[in-house]
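Q: no sequence for this one, just the structure:
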């Protein structure tokens, strides 16, 4: 990984953390704000790849039509 690539990734992580802090202050319900502040943000680097992989799995399954038969 190049220095520029590493810096870009760190910059993206900082932006995501800042957005999470805003979400933690202005959650739709207090329970959501508590969850974001006390669980997600302290473990950001655990949640980020999990969310990414689930989004990729969802996109691929929608494109390929996988799991369509589960709802019949």
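A: Nice, I can see it. Worth saying up front: this structure is predicted, and the values here are computed from it rather than measured.
Q: Now residue 47: closest residue in space that isn't a chain neighbour?
A: In space, residue 47 comes closest to residue 40 once its chain neighbours are excluded; the distance is 5.5 Å by CB to CB, 6 or more residues apart in numbering. Where C-beta positions appear, they are placed from N, C-alpha and C, glycine not excepted.
Q: tell me what the helix or strand where residue 45 lies is packed against?
A: When elements are assigned from DSSP states H and E, residue 45 belongs to helix 44-64. Contacts defined by 3 or more CB pairs under 8 Å, 6 or more residues apart in numbering; DSSP states H and E place helix 44-64 against helix 3-25.
Q: does residue 28 sit in a helix, a strand or a coil?
A: coil (DSSP: H, G, I helix; E, B strand; the rest coil).
Q: measure it to residue 35 for me?
A: Distance, residue 28 to residue 35, by CB to CB, to the nearest Å: 11 Å.
Q: Between those two, which is the more surrounded one?
A: residue 35 (14 against 8; other CB atoms under 10 Å).
Q: For the more buried one, grab phi and psi.
A: Here is the backbone geometry of residue 35 (degrees, to the nearest 10): phi -60, psi -50.
Q: okay, it: pLDDT?
A: As predicted, residue 35 sits at a pLDDT of 86.
Q: Any figure for the gap between the closest residue to residue 66 other than its chain neighbours and residue 67?
A: Distances taken as CB to CB, 6+ apart place residue 60 nearest to residue 66, at 7.3 Å, with adjacent residues excluded. Using CB to CB, one gets 10 Å for the distance from residue 60 to residue 67.
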